[in-house]
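Chemist: need coordinates for the below:
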Amino acid sequence: MNMKSTILWRFAVLGLFVSMVPLGIYALEKHDKVDTDKMLDVSVSIRTMSHVTVDKFGDSVWDVSNGSGFLVSSRTCEVWTNHHVIADAALIEVFPRGWDHARGIPATVVNSTPRSDIAILQLDDCNGFPAARLGDSDLVQPGDETFAVGNPLGRNPDSISRGIISHTQRYREGTTPYLQTDAAINPGNSGGALFDRKGNVIGISTAIETTRYGTNLGVGYAVPINLVKEVVAELR
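Modeler: Numbers count the residues shown, from 1 in each chain. All right, here's what the predicted structure looks like:
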């Protein structure tokens, strides 16, 4: 092979390599992309009204609270959330993503337990809303990427935050082995789904670690979804 042929051959190889780089980057980005839209689509915001007191005029004073949840069945219109989100609620409304009405979809409590802080809600209607895909929390490992979806502070519906799993069996109070994460969880996120990067629900966001003054320390806890499944079966 003469010098001219060698140079042409090298340029051909280099040109082929350069042309393949964009395709490789595109394939990598497509493979690595996380579909957060699906996580948001199955998540709901929850608004509750609870009777608190009667004022000096004899009128009822109501307390409005906010939380989160996710639809687990488009057939039965069942939503899972935390017990403390709906405890003592006289009225429960659920707001799916994209809901543009002032009033939410009415929901009733099927059953709930404060022990593991799990509640089952039944919507009056869920036509057209997708259901979540439940994962296997036994497969979760420290360092796994995770996404928390909810309604932080009751003013940010359809909000999503990203972090990692920092511990898989963190005991706080009682016997619940929480998943610990640094994904941002705030009041209003309670009851919302904790997803893995494939969009599977691996837990229910339940609590945060705070100082004695109530400052969020950036450590959140979720009930593992496998435990939730067991509790729901008992509640049913």
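Chemist: show me where the chain has its helices.
Modeler: 3-32, 36-41, 83-86, 225-235 (DSSP state H).
Chemist: for these, which has the smallest mean pLDDT value?
Modeler: Ranked by mean pLDDT, those bottom out at helix 3-32, with a mean of 53.
Chemist: who's in contact with residue 39?
Modeler: 147, 149, 160, 193, 195, 199 (Cβ atoms under 8 Å, 6 or more residues apart in numbering). Yep, even glycine has a C-beta here, placed from its N, CA and C like the rest.
Chemist: from those residues, which is closest to residue 175?
Modeler: When those are ranked by distance to residue 175 (Cβ to Cβ), residue 193 comes first, at 22.5 Å.
Chemist: next one: the closest one from residue 102, what distance?
Modeler: Look at residue 193 and residue 102: by Cβ to Cβ, to the nearest Å, they are 25 Å apart.
Chemist: who has more neighbours out of the two?
Modeler: Per other Cβ atoms under 10 Å, whichever of residue 193 and residue 102 has more neighbours is residue 193, with 33 against 7.
Chemist: pretty sure that one sits against residue 42.
Modeler: Yes. Using Cβ atoms under 8 Å as the test, residue 193 is close enough to residue 42 to be in contact (7.2 Å).
Chemist: just the strands in the chain please.
Modeler: Per DSSP state E, the chain carries strands over the ranges 43-54, 60-73, 78-81, 91-96, 105-113, 118-123, 133-134, 145-150, 159-171, 177-181, 193-196, 200-210, 216-224.
Chemist: so what sits against both of residue 193 and residue 42?
Modeler: Between them, residue 193 and residue 42 share these contacting residues under Cβ under 8 Å, 6+ apart: 70, 132.
Chemist: about what we covered before: pick the most buried one from the strands of the chain.
Modeler: Across these, the average number of neighbours (mean count of other Cβ atoms under 10 Å) peaks for strand 193-196, which reaches a mean of 30.
Chemist: got any ranges where this structure has weak pLDDT?
Modeler: 1-32 (pLDDT under 70).
Chemist: for the spatially most central residue of it, give me its contacts.
Modeler: Centroid-nearest residue in the chain: residue 193, 2.4 Å away (criterion: Cα atoms, centre = their mean). Residues near residue 193 by Cβ under 8 Å, 6+ apart: 39, 42-43, 68-70, 132, 148-150, 201, 203-205.
Chemist: go on, residue 71?
Modeler: Contacts of residue 71 (Cβ under 8 Å, 6+ apart): 42, 44, 77-79, 96, 123, 126, 129-132.
Chemist: run a quick neighbour tally on the residue nearest to it when sequence neighbours are not counted.
Modeler: Using Cβ to Cβ, 6 or more residues apart in numbering and skipping residues adjacent in sequence, the residue nearest residue 71 is residue 131, 5.0 Å away. Per other Cβ under 10 Å, the neighbour tally for residue 131 reads 18.
Chemist: can I assume residue 131 is in contact with residue 77?
Modeler: No. The pair residue 131 / residue 77 is not scored as a contact, 9.4 Å apart, by Cβ under 8 Å.
Chemist: that older thread, what's the farthest-apart pair in the contacts of residue 39?
Modeler: Spatially, the most separated pair among those is 160 and 199, at 11.5 Å (Cβ to Cβ).
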